[in-house]
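S.K.: fold the stuff below for me.
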Amino acid sequence: MAPSQTSLTHWGAFTATVRAGDIASVRPWAGDADPSPALANLPGSVRHRSRITTPAVRRGWLDDGPGPTTRRGADEFVAVTWDELVSLLGDELRRVAHDHGNEAIYGGSYGWSSAGRLHHAQSQVHRFLNCIGGYTYSRHSYSLGATGVIMPRVVGTHDDLFKRSTQWDVIVENTDLLVCFGGLALKNTAVNDGGTTAHPARHALNRFRDRGGRIVSFSPLRDDVEGPCDWYAPVPGTDVAIMLALAHVLATEDLADRRFLATYCTGYDRFERYLLGLDDGTPKSPQWAASLCGLTAEELTALARRMAAGRTLVTVSWSLQRTRHGEQAPWMAMTLAAMLGQIGLPGGGFGHGYGSMNEAGLAPIRCALPRLPQGINPVSTFIPVAAVSDMLLHPGEPFDYNGLRLTYPDIRLVYWAGGNPFHHHQNLPRLRRALCRPDTVVVHDPYWTAMAKHADIVVPSTTFAERDDLSGSRNDPLLMAMPRLTEPYAQARDDYDTFTALARHLGVEDVFTEGRTSWQWLRHIYEKWMATLDFEVPTFDEFWAAGQVRLPTDDGLTLLADFRADPAAHRLATPSGKIEIFSAEIDGFGYDDCRGHPRWFEPTEWLGGRRAADYPLHLVANQPANRLHSQLDGGAASQSSKVAGREPIRMNPHDAHERGVTAGDVVRVYNDRGACLAGVVLDDGVRRRVVQLSTGAWFDPADPADLDSMCVHGNPNVLTDDVGTSSLAHGCTGAHVLVQVEKYTAEPPAVRAHQPPVLAPR
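M.R.: Below you'll find the model as predicted:
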């Protein structure tokens, strides 16, 4: 194996030095001006102590057979051979499909896993399950569950809000005021779901400021915008009230662009009645909003006038829609931008996700990317992705979703590959109870994550470093080769080889493989993609030897510029063909928690409610700076941020002092759902009565047999409420939760998150 080789992750391209079967060091790709610190998690990751080294089966499942149990997560495992695993798993898949139908198989597999286009775990498992009759599937994502439903109804799409967003160069040259609800956190621009080779956001913001542009940040965290900005730290969860107040000023001071609203929008008149309080008697004025958000009416009024006086881009982070009624924030921000009348103008209008991923602001490529075909799923049953626990706990019960009345299926087998719901999902005690119900839980993973430890059948998968692949993103100009850096560790196998063996056992090998090895598939998907292009690219062999190919991009884009130029020729994919400030379809659904136009709904988890009397601190559960989600939590970069071996919790010094807490202390963070331990970092850049605890610390229960056990490592999802955004989208609400914090005075339990479970002999 070559001693050094270039490859790609979700958080950047790099050159690796390999020694003794592991990544010894990495060097960021030379073309990346702002490489991610998360690259430091790669050295030592192939042979990390948390690697799954052998196929394994939970003792209780092996001895007693499939069935519901409370032992998942606490039982020991038995090492088995690959032949035994294929036989046991293949027979169980056959049993469930025969006795209960393929609807009883949930092919969740939510997670980013590898950046590769071929060895993408979710694509692999879905292709396999489609070959054996299908599976119950999920829609949308934890990141954008509310946006994925509301914005197609408002503006006809949600993908184009990111893929074809107003580009950084256009913002640098034309925008006067960048108003960021939820901030614009550069740490999040390190990552892209298909791999990323450059990180231009920091340089773009520096150029923007040098030209005289100003940034306004609404966030309880000062560092959600790095560098100079006008920082407003409102009560968390009140962003929609603030937007309504700004809109009220525009409407009452004749600053709204009524010609734009009449030409390009529908339903503004219905919304304005609500805004002015004509029906409910409550004008949504700056004075009204000030009583909710903790800012002054004068500040809000002055900002609205500033926004109307120049070229203004209104942006909303993804975090704002990961809360109860999360549909309202992007909908209201689009409405506010429409009132300013600058949608479609260079540097003005609306943006969603700047500072949420390395995509918004980047030029899209002019073609699709190579991909592994997944086939057709014969099963039509689905759930919103964040409704996993509801589905498992309430089979046969009806629920509302996006105008539909659906029923939760009776899931008997959960098949998970390449993801960690103990990072993504809310209310982990409830998730653990939900995982007690199926007959069988199957997990493919390279590492002993909490999800793997809660499985019945554990399949040791290779990492990206142990297989050949290629990768690219829809907003990155480079398609890159990802050659194998080292041989597979221990008994790890590519998921493709595992599914090939299972397909052979079930008599569908030819359907799954089409007669190809994984290397032949890699060549095939490249050459099939190559044949669809209207421009020349190298042959596969030339591409593999060069390591990359540059693809053409659409440069200089402004979101919805074509719609503004000709709204008849470029109708939006909404019923009216326009921006739907009022949606008759949503209104017709009759949902109490999502009406026909954007509005203020009082949050269930906020400092202005009754619940705050018992849990007086608002916890922001955002994304970490030193890793992607929970990936490689045991790596050097992630571990360097830990305090006393636990995930750091940032507190305002005043809040810490009130609780007798100092920097470096271990604290218990708790509410009526659960508790976790965390290590204190003091930071006056955190608003009073707010604490920040990133997601992604591997769940580590003090007592694995106790479903309500405290997490000793600092996973905030033991605290979050497992409830959807609304009846419309059922999106994830895990970004905000009320808690109390107290100093932990006992000897803190040891952190065992990255230790493998007991592996007993057969």
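
S.K.: domains for the protein, by residue range?
M.R.: Listed by automatic domain parsing, the domain ranges of the chain are 58-142+384-463+489-518, 149-365+556-589, 610-743.

S.K.: burial measure for the closest residue to E76 other than its chain neighbours, as a count.
M.R.: Leaving aside its sequence neighbours, E76 sits nearest to V758 (C-beta to C-beta, 6 or more residues apart in numbering; 4.2 Å). Placement of C-beta: from N, CA and C, glycine included. Burial of V758 is recorded as 10 neighbouring residues (other C-beta atoms under 10 Å).

S.K.: the one 4 residues further on now?
M.R.: Residues within reach of R762, counting by other C-beta under 10 Å, total 9.

S.K.: okay, and the beta partners of the nearest residue to it once chain neighbours are set aside?
M.R.: Residue nearest to R762 in three dimensions, not counting chain neighbours: V78, with 5.6 Å by C-beta to C-beta, 6+ apart. Taking DSSP bridges as the rule, V78 bridges to V57, A760.

S.K.: tell me the contacts of V78?
M.R.: Neighbour list for V78: 56-59, 62, 759-762 [criterion: C-beta atoms under 8 Å, 6 or more residues apart in numbering].

S.K.: can you give me the separation between it and P55?
M.R.: 10 Å (C-beta to C-beta, to the nearest Å).

S.K.: likewise Q426?
M.R.: Using C-beta to C-beta, Q426 is found at 31 Å from P55.

S.K.: any idea which residue is closest to the centre of the chain?
M.R.: The geometric centre of the chain, computed from its C-alpha atoms, lies nearest to S143 (C-alpha atoms, centre = their mean), at 3.2 Å.

S.K.: nearest spatial neighbour of that residue, skipping sequence neighbours?
M.R.: Nearest one to S143, counting by C-beta to C-beta, 6+ apart, is W318 at 5.6 Å.

S.K.: and I52, by the same measure?
M.R.: Among residues not flanking I52 along the chain, P460 sits closest, at 4.0 Å (C-beta to C-beta, 6+ apart).

S.K.: isn't the one you found up against F77?
M.R.: No. Contact between P460 and F77 fails when scored by C-beta atoms under 8 Å: they sit 11.5 Å apart.

S.K.: list residues touching both of those two?
M.R.: Common contacts of P460 and F77, defined by C-beta under 8 Å, 6+ apart, comprise A56.

S.K.: burial count for the closest residue to S518 other than its chain neighbours?
M.R.: Among residues not flanking S518 along the chain, Y496 sits closest, at 4.5 Å (C-beta to C-beta, 6+ apart). For Y496, the neighbour count with other C-beta under 10 Å is 23.

S.K.: any idea how far whichever strand or helix holds Y496 is from the middle of the chain?
M.R.: Assigned by DSSP states H and E, Y496 belongs to helix 495-505. Put simply, helix 495-505 sits 29 Å off its chain's centre (C-alpha atoms, centre = their mean, to the nearest Å).

S.K.: run through the helices of the stretch 151-300 of the chain in chain order.
M.R.: With DSSP state H, counting those that start in this stretch, the ranges of helices along the stretch 151-300 of the chain come out as 160-163, 168-174, 201-210, 239-252, 258-264, 268-276, 286-293, 297-309.
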